[in-house]
Every structure is written in C-alpha cells, then in structure tokens.
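Chemist: just to be clear, the model below is a prediction. Sequence and coordinates:
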Amino acid sequence: MGLIAALTHALPHSLALPTEAIGSIPRGERLLDAQRRFDAGQLAGSELEAVYEEAVCETMAALEATGSPVISDGEQRKAHSFATYCVEGGDKIAPDGIIIPFQDGHIRQLPRLTGGPFHFARHAYDSLALAMPHAKVPMKQAIISVSALSLFYPPQGIASYSREAFIEDLINEQEQEIRGCFAAGAAKVQIDFTEGRLSIKLDPTGGILNSFIDLNNMVLARFTHAEQQRIGVHTCPGADHDSTHSADVDYAELLPSLFEIKVGNFYIAMAGEKDRERALRIAAKYLKPGQRVFIGVIDVIDPHVESAQEVCERVLQAARHIPLDQLGTTDDCGFSPFCDDVSTHRDVAFAKIRARVEGTALAARQLGLT
C-alpha cells in the first residue's frame, strides 16, 4: 500500500484538514500612531476607538480574502500585547514585573500586581462582540492563560492580598472570559500558553510547568467536555522582533505534559523547529484520543513567504505521524503578539496565511480528503 493510500485507508472522503491562524496581525502605522498619541494623552478615547474599528474591519476583510475558514480580528484592539490586554487601563498594576529575555538580547517585562482583588480591566469577549458583525465566516478568540497571568503576583507577596485569594479571583475571571467569548459567538477560544516552553528553561525539573498546567486545568474543569472541545491551547517558543525566548528547549520536555491540559485542540509551533520529524514523533506519541493537533506550517519569524507547495510538503510530513482525523494546520505563532513589533509587514503576514490555506487545501486533495 502506498503512502497516501495508507494514510487515507478507512477514512471518510468528506474529511478535510482544518486550518486556523493563531491570532495577531501586525498593526498598520495609522493604528500604531493613534495608540502612541492616546498613551501620551494627545488623542481622545473615542478617536482611538474609531481607528480600532477601521483596523479591525480592514484586517478581517484581508483575512477573509486569504480564504481562511476561521478568522480573528487580528488582535488589533489588544493595545500593547497579547499578555497584558486584560489589565491595561486598570489600577493596582505596576510596570516592574518579571522580565522575559529573548535570544537576541531584547526583553519584555510583565506587569506587577500591587493589590487586590484582581479583576480584568478589559475583556477579550468585548472585542469579539465588536468584531462579530463584520464577520462572514466563523471567528475564534485568543485569550491569555491563567498561568501567564499568575506571574503578575509578586514573589514577595502582597500583605493585604494572599496568593490563594489572588488565584481564586484569577480563575473566576478566566472562566468569565471564556464563557463571555462563547456568548459573544466565538467558534473557538484559544488559550495562549507561550510560557509553557519557557517554564522548562526556568525550571528544568518541570515543577513550574506542572503548576502552570494545574492552574489551567482548574479553570477548564468548570467546563463540560463539549465546551472543552471548543477550547484550545497554543504553545510556541515566543516570536517577537524575529527572536524567540525558548526555542532551545526540547519539545520532549514539554509535549508529554502539554497534552494533559483538558482541551480538545492544541496549536503547536513546528515550522521553525530544527528537527521537525523528531518533534512530530513526540507529538504523535503523546496525543490522546479526542484531541486535535494543529501543526505549525508557517514560520512567522522567517521573512521568506512559503509557497503553497512548501506548506503542502510540511502537511504531508505531519500526516505521516498524526492521524488525519486529529490533524490541522496553523501558523507557528501570532505575527505581532506585541503591538510595536513590525518586523513582519502586514502584506507578508497575509501572504503567509494565504500560503497556509492554499497549501493545506493542496495537501488535503493529495491525501484524498476532498
């Protein structure tokens, strides 16, 4: 039996390969300038909102033009970053939190909580609700993980607000965020878990990683199995100014634990891996029944725009390891998780997304799935 025949044997021919983006699209200069002026007190909130609306409409239309079957709003309304959107504009937050170093030497710094109780200042479901009327295809919404947000609590503690009380508030807020996204019409909710791979670098014993997974599962336990099947987790080694924070961490140290998270979908950066074949074997080994893995087939920090044929070959490579009814494709990461990262031009991002969509469809045809 040949390779393609073996891969498609006993599978229904109506099966297709789903493909989804991760989330962020580089902001245009008009939006970046408006955000800068708003932060400096030179632009009214209503004026900034008008620019947000314009950016969201343009981004969604461009995503739909790529043929994407599921889109987002490109995270255009996440003012500064995918990790901090929910506390932007809130009180009891200081800027001098944990530092995340990247391989090229630049850093990002998380906020530090100064008091409680903890509440989201902004919600992803509000952004989704504003975007939904413009959508012609299903929408997904990316949210930051509770494990990343847990890093906002200072190691030295807060005298009037215990870590236990913070975690309880945090879990309640995250449950509300996910339920709000579903209520607003999200087809999928994606939890961004970039700190998963980084945690191994910080603690090779896996203790921090296991605590992160436990935190996320405390939230997910509040959802039914059917709801969990509409939730996903994204992992990557970071992607900021064409640099990563944990690409040197072996997937063998992360993936066995990752698949213990109680969701139905996993979005795993793979295109940028030095040894994709080995990483795919690890993913296949630990993938559980009822879980779907969206394999990264677009390297978002490589300026080269992949061709549809290159994407197709990466999909076929993944299909040698992952059961087809558990396989999907994605980009390795968002194209601009931090708003000031313009290392990738918007047109390049859309070209790469189009290549993913077309390459996935090409692979599906070669696999006899459409």
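Modeler: Yep, that arrived.
Chemist: which parts of the chain are helices?
Modeler: Taking DSSP state H as the test, the helices found in the chain are 3-8, 29-39, 45-65, 124-131, 146-150, 163-184, 195-202, 207-220, 225-228, 255-258, 276-286, 308-319, 346-366.
Chemist: is Ala94 in contact with Pro111, as I believe?
Modeler: Yes. The criterion here is C-beta atoms under 8 Å, and Ala94 meets it with Pro111 at 6.6 Å. Placement of C-beta: from N, CA and C, glycine included.
Chemist: which one's more surrounded, these two?
Modeler: Pro111 (20 against 11; other C-beta atoms under 10 Å).
Chemist: so Cys333 versus Val56, what's the distance?
Modeler: Between Cys333 and Val56 the distance, using C-beta to C-beta, to the nearest Å, works out to 20 Å.
Chemist: then Ile107?
Modeler: To Val56, Ile107 is 29 Å away according to C-beta to C-beta.
Chemist: ok, now Ala79?
Modeler: 13 Å.
Chemist: buried stuff in stretch 151-160?
Modeler: Going by neighbour count (16 or more other C-beta atoms under 10 Å), the buried part of stretch 151-160 is Leu151, Phe152, Tyr153, Ile158.
Chemist: what's the answer for stretch 317-326, then?
Modeler: Neighbour-count burial for stretch 317-326 flags Gln317, Ala318, Ala319, His321, Ile322, Leu324 (criterion: 16+ other C-beta under 10 Å).
Chemist: can you redo the residues you listed as TSV with distance to Asp248?
Modeler: Output for these, formatted as TSV (distance: C-beta to C-beta, whole Å):
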residue	distance to Asp248
Gln317	22
Ala318	22
Ala319	28
His321	23
Ile322	24
Leu324	31
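Chemist: quick check, nearest of the residues you listed to Ala165?
Modeler: The closest of those to Ala165 turns out to be Ile322 (C-beta to C-beta; 41.8 Å).
Chemist: contacts only, for the closest one.
Modeler: With contact set as C-beta atoms under 8 Å, 6 or more residues apart in numbering, Ile322 has these partners: Leu280, Ala283, Ala284, Leu287, Val293, Ile295.
Chemist: right, and Glu253 touches Lys201 too?
Modeler: No. Taking contacts as C-beta under 8 Å, Glu253 lies outside contact range of Lys201: 9.4 Å.
Chemist: averaged pLDDT, the top strand by length along the chain. What do you get?
Modeler: What stands out as the longest strand in the chain, according to DSSP state E, is strand 292-298. Taken as a whole, strand 292-298 has a mean pLDDT of 98.
Chemist: run the chain-centre distance for stretch 110-122.
Modeler: Relative to its chain's centre, stretch 110-122 lies at 22 Å (C-alpha atoms, centre = their mean, to the nearest Å).
Chemist: check stretch 113-127 too.
Modeler: Relative to the chain's own centre, stretch 113-127 is displaced by 19 Å; criterion: C-alpha atoms, centre = their mean.
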